[in-house]
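Q: make a model of this:
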Amino acid sequence: MFNYIARKILLTLPLIIGIVTLIFVLLEMVPGSPIDRFITQDTSPEVETALIQKWQLDKPFYVRYVSMLGNLFVLDFGQSIGKDRPVTDLIAEALPNTVILGAVTLLFLFPTGIMLGT
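A: Next up, the predicted model:
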């Protein structure tokens, strides 16, 4: 049983890395920059440069990709650009409601599935 679980976990890792890579590449292909929504006509070039450096957008995509993988490996999800807060805090806020919603759904769907499946 241990070998089965270990094999499944090891097979899941390439899948997760593939999904993360696909999302990263798709986000890189989006036109514009993530900071475009923060820049207006009145924004000074110094502020724009500071934002670019803060979010490491001045580095090549492969450097940002390797940095992101390293951060994900240690469960550091970074800062949210839109909310300017740590992503782990945002996840921690939403997790209780997500668990409650999943549990309530399971309580209703499990008996319904058993009744309809027999």
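Q: now residue 71: closest residue in space that isn't a chain neighbour?
A: Distance criterion CB to CB, 6 or more residues apart in numbering; nearest residue to residue 71, sequence neighbours excluded, is residue 78 at 6.1 Å. C-betas here are computed from N, CA, C, even on glycine.
Q: lowest-confidence helix or strand of this structure?
A: helix 45-54 (a mean of 88; mean pLDDT, DSSP states H and E).
Q: gap between residue 43 and residue 17?
A: Relative to residue 17, residue 43 is positioned 36 Å away (CB to CB, to the nearest Å).
Q: now residue 48
A: 33 Å.
Q: circling back to that earlier point, burial count for the residue nearest to residue 71?
A: By the criterion of other CB atoms under 10 Å, residue 78 has 14 neighbours.
Q: among residue 48 and residue 17, which residue is more densely surrounded?
A: Neighbour totals were compared for residue 48 and residue 17, and residue 48 leads with 15 against 12 (other CB under 10 Å).
Q: so the more buried one sits right up against residue 39, yeah?
A: Yes: counting by CB atoms under 8 Å, residue 48 touches residue 39, with 5.6 Å between them.
Q: so which residue is smack in the middle of this structure?
A: The residue lying closest to the centre of the chain (CA atoms, centre = their mean) is residue 77, at 7.1 Å.
Q: which ones are touching the residue lying closest to it once chain neighbours are set aside?
A: Nearest residue to residue 77 in three dimensions, chain neighbours excluded: residue 87, at 3.7 Å (CB to CB, 6+ apart). By CB atoms under 8 Å, 6 or more residues apart in numbering, the residues touching residue 87 are 77-80.
Q: still on that earlier bit, for the residue nearest to the centre of the chain, give me phi and psi.
A: Main-chain dihedrals, residue 77, degrees, to the nearest 10: phi -90, psi 0.
Q: on the pLDDT front, check it for me.
A: As predicted, residue 77 sits at a pLDDT of 92.
Q: do the one 5 residues further on as well
A: For residue 82, the pLDDT comes out at 81.
Q: I'm done for today, thanks for sticking with me.
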